[in-house]
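>>> I would like to see how this sequence folds:
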Amino acid sequence: MSLPSLKRVGPVLQPDPHRKLIRPFEPGNEQTARQIAARVMAIPEPQVRSLLEMVWSEFAGRHEHLEEFLHRRYRQVRRYLPPDAAPSPERQLLLASYFTHEYSVEAAALFNPSIVPHPDQTGLAEGALRFVLSLRATGEGHISSITFRTGVISPQHRITVNPPARFLVEPERVWNAPYDQALFRRKLAELGVGCDFCWRVLDQLPDQFTMAQLQHALATARAKADPGDPTVERAARGMILLAESNYQMRFPPGCQVSQQVLFPHTPSQRNGIEDARFVRFQDDDGTTTYYATYTAYDGRIILPQLLETPDFNQFKFITLNGPAVQNKGMALFPRRLQGRYAMLSRQDDENIFLMYSDHLHFWHQRKLLVAPQQPWELVKMGNCGSPIETEAGWLVLTHGVGPMRKYCLGALLLDLKDPSKVIARSPTPLLSPNALEREGYVPNVVYSCGALVHRGVLILPYAWSDSATSFATVPVADLLASLG
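Numbering: from 1, shown residues only. All right, here's what the predicted structure looks like:
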């Protein structure tokens, strides 16, 4: 048995501190915010104009829509002013600038990539493939978000990553996005929040309702409820939290994929959206949707969640429910298997499990698929993205952790009809960190969140040492021949 000729081909994507978002700055508490606002209100009007001109000269060229952002930000911080305050238009913008800051999304690390075919394959040479690359980007405070790049794989498997757009953009929340009542009820019950009060609230709502309708129904039900009932506030908070955790975001028209940033938005994501594993999913009716499992992290608790997008413009953030929704590293198969969804997971932080479900949002059963076996994976192992369908079976890239917490990449081959059957697995690592790749924020690591096959060759984007990202390739036939 010969080792596959896995080849590092580049290019290398390094962290870029120039990639900045403009974001709201929130002082520590409301009293501090009011004090800041009062100080800004005390600035003489001529000085207001000169200070605002300084803001424009220093920051207008660094952001595409700075003035528009500051107008929105003023409407948000207006509450810190006395009710009778009437600041001039210039002072409004200056006040907003004191409650705004830049955030360098990719300053610390750009890693843990996944790759999928781009929704738009027009205008390419025959045999070429356009792709979307998702990346975990880390900035100040070790907060992780998802950023993107696009590129092309040539017919000869040369990989070109397009220069990213200059300005970054966050999506806006779609506040009128509908919630499905039957699904909402089921999620409440799964979470253990459902109660008579919840059902009374939902009974007021149509089959498809909005956040505004939910808030109105909650206010009505609270007014009628026993003020001494402690379950009412708990149930109300649970319903709002569930609604806030299942939401839609939309980027503005014309926004390039490489401009887009999915930044933490809810309390469960406060410290990061981590390790998105994107997959191009084809349903039984032929429709195509891009899904990504990711890890939400609030600083204490990790929580597997789901992203859904048809076009990399509008995204749904979806909670996953059920006792099998645990730990990190859930990865969806790219199609249903015998009518059911299938997922890989790592329930116990050591082994790889296989799960099936009739509903994408709910996962109850799990089955052990593989356990650490080789010396380079004895600490723990997990998947490196969604399984890839080949004629020989489902190809699953894995990571294993060995001595000195060194991460290496390997592979499994699962039966095409029954993926609970392991046909073969790597006896030795396919990729280990070399001398350059050993150095970084977390040393001695190579890791990936998803690869693809193009014209018989595996295209593997991978990160090293939680710092940067590169690419490697290997003919699928050579890889399969190396599995034992």
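>>> domain parsing of the chain, as residue ranges.
Domains of the chain are assigned by automatic domain parsing as 7-15+105-171+251-482, 26-98, 173-245.
>>> just name the most buried of the ones you listed.
Comparing those by mean neighbour count (mean count of other Cβ atoms under 10 Å), domain 7-15+105-171+251-482 comes out on top with a mean of 19. C-beta coordinates here come from the backbone N, C-alpha and C atoms, glycine included.
>>> save the domains of the chain as JSON lines, and put in mean pLDDT too.
As requested, the domains of the chain are exported to JSON lines (pLDDT from 0 to 100):
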{"stretch": "domain 7-15+105-171+251-482", "mean pLDDT": "96"}
{"stretch": "domain 26-98", "mean pLDDT": "96"}
{"stretch": "domain 173-245", "mean pLDDT": "93"}
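>>> correct me, but residue 459 touches residue 452?
Yes: Residue 459 is within contact range of residue 452, at 5.4 Å (criterion: Cβ atoms under 8 Å).
>>> overlap in contacts, these two.
Listed as contacting both residue 459 and residue 452 by Cβ atoms under 8 Å, 6 or more residues apart in numbering are 115, 131.
>>> ok, the residue nearest to residue 376 when sequence neighbours are not counted to residue 445 distance?
The shortest distance from residue 376 to any non-neighbouring residue, by Cβ to Cβ, 6 or more residues apart in numbering, is to residue 402 (4.1 Å). Distance, residue 402 to residue 445, by Cβ to Cβ, to the nearest Å: 11 Å.
>>> equivalent analysis for residue 365, please.
Applying Cβ to Cβ to residue 365 and residue 445 gives a distance of 32 Å.
>>> same thing with residue 170?
Taking Cβ to Cβ as the measure, residue 170 falls 29 Å from residue 445.
>>> over to residue 428?
In terms of Cβ to Cβ, residue 428 sits 18 Å off from residue 445.
>>> please apply the same query to residue 45.
Taking Cβ to Cβ, one finds residue 45 at 56 Å from residue 445.
>>> equivalent analysis for residue 93, please.
From residue 93 to residue 445 the distance is 45 Å (Cβ to Cβ).
>>> try residue 235
With Cβ to Cβ as the criterion, residue 235 and residue 445 are 43 Å apart.
>>> repeat for residue 141
In terms of Cβ to Cβ, residue 141 sits 21 Å off from residue 445.
>>> cool, residue 99 as well?
For residue 99, the distance to residue 445 - Cβ to Cβ - is 38 Å.
>>> ok, residue 322 next?
30 Å.
>>> again, but for residue 19
Relative to residue 445, and taking Cβ to Cβ, residue 19 is found at 23 Å.
>>> who's in contact with residue 403?
Counted by Cβ under 8 Å, 6+ apart, residue 403 has contacts residue 375.
>>> coming back round to it: ok, the residue nearest to residue 376 - contacts?
375-379, 408.
>>> also residue 48?
88, 90-91, 94.
>>> element containing the residue nearest to residue 12 when sequence neighbours are not counted, please.
In this structure, residue 12 finds its nearest non-sequential neighbour in residue 470, 4.8 Å apart by Cβ to Cβ, 6+ apart. Following DSSP states H and E, one finds residue 470 within strand 468-475.
>>> chain center to that strand, what's the gap?
21 Å (Cα atoms, centre = their mean, to the nearest Å).
>>> other residues contacting it?
By Cβ under 8 Å, 6+ apart, strand 468-475 touches 4-15, 109-113, 135, 157, 159, 430-431, 440, 456-464.
>>> starting at the chain centroid, how far to whichever strand or helix holds residue 220?
Counting by DSSP H and E, the element that carries residue 220 is helix 211-224. Relative to the chain's own centre, helix 211-224 is displaced by 31 Å; criterion: Cα atoms, centre = their mean.
>>> thank you, goodbye.
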